[in-house]
Every structure is written in structure tokens, then in C-alpha cells.
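Novice: turn this into a model:
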Amino acid sequence: MNTRFDDTMRRRELRERADKGAGWFFWVAGLSLFNTVGAVAGWGIAFSIGLACSGPLADLIWPGSVNPMTPALQGPALALSVGLAVGFGALGLWARQRSSVAFLLGIVLYTADGLLDLMAQNWIGLAFHGLVVFGMVGGLQAVRRLRAIEGEAIAA
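Specialist: Numbers count the residues shown, from 1 in each chain. The predicted model follows:
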């Protein structure tokens, strides 16, 4: 058996898993931005996989919502919603660089965000949050295993 070949294949598999885990950050960021734009445009549709906190912000931004904000506060609410999505995208870029900290921050923040779905009894949104967190945890595990393998290779 060729252990060098096996080691190379294992590293490639771990890199792919880490990239897939980091990819969830971009899905969340993109769909959160879509949800925000949809709220501002009055489309009346939203994706459950986006940030749940952008839902209440969108309700405050869109004048036709149940709880419209005063126009003076709509700009800051929109900026906060977009900022959260962009921040999640930035975490994704950091996670793509094999940062365990980025994965951990994303897991904690998205789990906390999922609590809004739990409080609203939005079971579909909660299920999607669980799926995304599961993917991020897989990415974190891959990064940690990859670092362990690379550390062994350097020590050898």
C-alpha cells in the first residue's frame, strides 16, 4: 500500500470538506441579502436558510410590514441587516483560509440566530439552521484534522 498516496487523498478529502463547510457561510450571507432586498422591494417571500434576525429587521424596514418603522430608522435597520449578511460572508472568507476561529464564531452566531426561529416556532427555519450548523461543524472538524495531519508531516 502506498501511504503517501493515501495521505494525499485524505488531505484532499479534508480540504473539500472544509471548503463545503465554509460554503455554508456564503449561502447564509447571500440568502440573507436576498431576503433583505425582497423585504425592501415588497416581494413578500423569504428563504429560511438566511439569518433569522434579518426577518424582524426586514419587517421594520419595509413600509408595508406589520410593524413598519419610522422612516428615520429604516436606513439604520437596512444597514444593520446588510452588515450582518456581509459580516457572515467575511466569516466565510476567513473560514476558507482554514480558520477554526471563523468556524466557531459562525457556529455560535448561527446557532444563536436559530433561537429566533425556535422562539417564533418556525420549525422549517429551525431545521435549516440545524442543517447549516451541521455543515459548519463538519468543516471545523475537517480543518482540525487537516491541521493535525499537516503537523504530523512537519514533525516527521
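Novice: from here on, contacts and neighbour counts on C-alpha atoms
Specialist: OK.
Novice: ok, now which ones touch Arg10?
Specialist: Arg10 is in contact with no residue at all, counting by Cα atoms under 8 Å, 6 or more residues apart in numbering.
Novice: where's the closest residue to Ser48 other than its chain neighbours relative to Arg144, distance?
Specialist: Leaving aside its sequence neighbours, Ser48 sits nearest to Gly125 (Cα to Cα, 6 or more residues apart in numbering; 4.7 Å). Gly125 sits 29 Å away from Arg144, going by Cα to Cα, to the nearest Å.
Novice: the more surrounded of the two?
Specialist: Comparing Gly125 with Arg144 by other Cα atoms under 10 Å, the one with more neighbours is Gly125, at 22 against 17.
Novice: that one contacts Asp117, correct?
Specialist: Yes: using Cα atoms under 8 Å, Gly125 makes contact with Asp117 at a distance of 5.9 Å.
Novice: burial check on Gly130, number of neighbours?
Specialist: Number of residues near Gly130 (other Cα under 10 Å) recorded here: 16.
Novice: nope, Arg4 is what I meant
Specialist: Arg4 has 9 nearby residues by other Cα under 10 Å.
Novice: in which helix or strand would I find it?
Specialist: Assigning secondary structure by DSSP states H and E places Arg4 in helix 3-41.
Novice: and for Ala127?
Specialist: helix 123-155.
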